[in-house]
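*Asks:* Pasting the sequence and the predicted model now:
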2 protein chains.
Amino acid sequence: MSATTVHIVDDDEAVRDAIQFLLRNNGIATRLWPNAEDFLSYWHPDMHSSILLDARMTGMTGPECFTLLRERGCQSPVIFLTGHGDVPMAVEVLRQGAMHFLEKPFDRETLLRTVREALEQEAHRIEQLQAQALLNHCLASLSPRELEVMEKILDGKQNKVIADELLITVRTVEVHRASVFEKMGVRSAVELARRTAGQK
Amino acid sequence: MSATTVHIVDDDEAVRDAIQFLLRNNGIATRLWPNAEDFLSYWHPDMHSSILLDARMTGMTGPECFTLLRERGCQSPVIFLTGHGDVPMAVEVLRQGAMHFLEKPFDRETLLRTVREALEQEAHRIEQLQAQALLNHCLASLSPRELEVMEKILDGKQNKVIADELLITVRTVEVHRASVFEKMGVRSAVELARRTAGQK
DNA sequence: TCAACCATTGTGGGAACCCACAGTTTTGAT
DNA sequence: ATCAAAACTGTGGGTTCCCACAATGGTTGA
């Protein structure tokens, strides 16, 4: 279970509390922020979070905050909440990848459903990230030469060919190959190809 | 070059003509439709198209048309055009995957840019489809047994293991393996894994 | 300076892979 | 009934892979 917190960023205390109440009653951890600036200064890239963002706040607006988050590499789901609907704003943030754009007063069920969707998406993203991190960890443990050999293995080349290209003997390639399999935790070239699929 | 046509679906003839004029002047092929029903009856799944859809039309509305298209498997980019902005509608269609939601009167440059983006996306989609079709063609040419062997190869299993699992001799597996490589146009198991990456 | 790691190579043998040549059996369609 | 494709098997020989055992030389940080 990833401890994903839902961050509620809204300058209206009544709204924050109401949403927190709703989510807590459904077993969802929350954290409240009265403005975008405070939340932004707290936010860091490897947080697990879903974000509820009020569109119009004193100080930085929701869309501005969203843009900054994306620029800083935030991939967490963001749900906008707004009092006065504004089509261009909704279009803009949704096209930039916001998960939803809800108009107040919003239906409790709709908000809850959307937040749950966000939590699922975030959990999925975290899984991907962890898999990626594990892979990177393995890749980082390879020596330069091993990496070189691995790439050629992934081209489907035989040891003999690799040896020719690297101007070394087949025996040496075999040694590197074995190290690569060992370090990457696979036992065949096919597994290696699958594990690194979609990679560089 | 894929012969992608931009379909303009709008009940206002003046709007249709204006957009057609704009796009034609920029070398983009168009086809005009006065209502969603006519376009829908023309549309078929393997069309290459980008779609400009008026939100409010006599008869079927844009969003209704869009929903039907998606239900029928249409993956082409859809751009909405609308006179009177309606936040829930914009949110709904964008969340369903519409490319954009433009309010009239729209800026020529914006429309043109969006259409070009749509054409690019569609071209990319067509490429993917064609690659997929080629792959499916290869897969379809495999006999049931060959397919079975291929799956086990993709699990990284050795001929010997495959033979045991299928209750046949290694020799037979070798034959099937060779056929698979031949038919799939690859020369190693790694290439096979890469070609079918992200597949079933 | 010494341990640790990297890159390299050799030998030798067992296992796996690839393939040409040759053949049987089953199955489905005309 | 007949023909074609699919599935299956064998033999033999060459190639490639894998690995234990053994070793050399270079770099680097403690």
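*Replies:* Arrived safely, thanks for sending.

*Asks:* Next secondary structure element downstream of the lengthiest helix in chain A?
*Replies:* Across chain A, the helix with the greatest residue count (assigned by DSSP state H) is helix A:108-140. Proceeding C-terminally, helix A:108-140 gives way to helix A:144-154 as the next helix or strand, assigned by DSSP states H and E.

*Asks:* Any residue of that following helix touching DNA strand D?
*Replies:* No: Helix A:144-154 lies out of reach of DNA strand D by C-beta under 7 Å from any atom of the strand, never closer than 8.7 Å. All C-beta atoms are positioned from the backbone trio N, CA, C, and that covers glycine.

*Asks:* for the longest helix of chain A, which positions count as buried?
*Replies:* By neighbour count with 16 or more other C-beta atoms under 10 Å in any protein chain shown, helix A:108-140 contains the buried residues A:111-112, A:114-115, A:118-119, A:122, A:125, A:138-139.

*Asks:* Summarise which helices and strands that helix is packed against.
*Replies:* Under the contact definition 3 or more C-beta pairs under 8 Å, 6 or more residues apart in numbering or on different chains; DSSP states H and E, helix A:108-140 sits against strand A:5-9, helix A:13-24, strand A:49-54, strand A:78-82, strand A:100-103, helix A:170-184.

*Asks:* out of those, nearest to chain B?
*Replies:* Taking C-beta to the nearest C-beta as the criterion, strand A:100-103 is the member of these that comes nearest to chain B, at 4.8 Å.

*Asks:* for the closest one, the distance to its chain's centre please.
*Replies:* The gap between where strand A:100-103 is centred and where its chain is centred comes out at 21 Å by C-alpha atoms, centre = their mean, to the nearest Å.

*Asks:* what's the domain layout of chain A?
*Replies:* Here the domain assignment for chain A is A:5-129, A:141-195, based on automatic domain parsing.

*Asks:* Reformat those into TSV and put distance to B:H7 and mean pLDDT next to each item.
*Replies:* Converted to TSV, those look like this (distance: least, C-beta to C-beta, whole Å; pLDDT from 0 to 100):
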stretch	distance to B:H7	mean pLDDT
domain A:5-129	21	96
domain A:141-195	41	96
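
*Asks:* will you turn these into CSV that also has distance to DNA strand C?
*Replies:* Output for the domains of chain A, formatted as CSV (distance: least, C-beta to the nearest atom of the strand, whole Å):
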stretch, distance to DNA strand C
domain A:5-129, 26
domain A:141-195, 3
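
*Asks:* got JSON lines for those domains, with distance to B:A18 too?
*Replies:* Output for the domains of chain A, formatted as JSON lines (distance: least, C-beta to C-beta, whole Å):
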{"stretch": "domain A:5-129", "distance to B:A18": "21"}
{"stretch": "domain A:141-195", "distance to B:A18": "52"}
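
*Asks:* which parts of chain A sit against DNA strand D?
*Replies:* Taking C-beta under 7 Å from any atom of the strand, the part of chain A that reaches DNA strand D is made up of A:158-160, A:170-171, A:174, A:177-178, A:181, A:188-189.

*Asks:* Buried ones among those residues?
*Replies:* Buried residues within those, counting neighbours by 16+ other C-beta under 10 Å: A:159, A:177, A:181, A:188-189.
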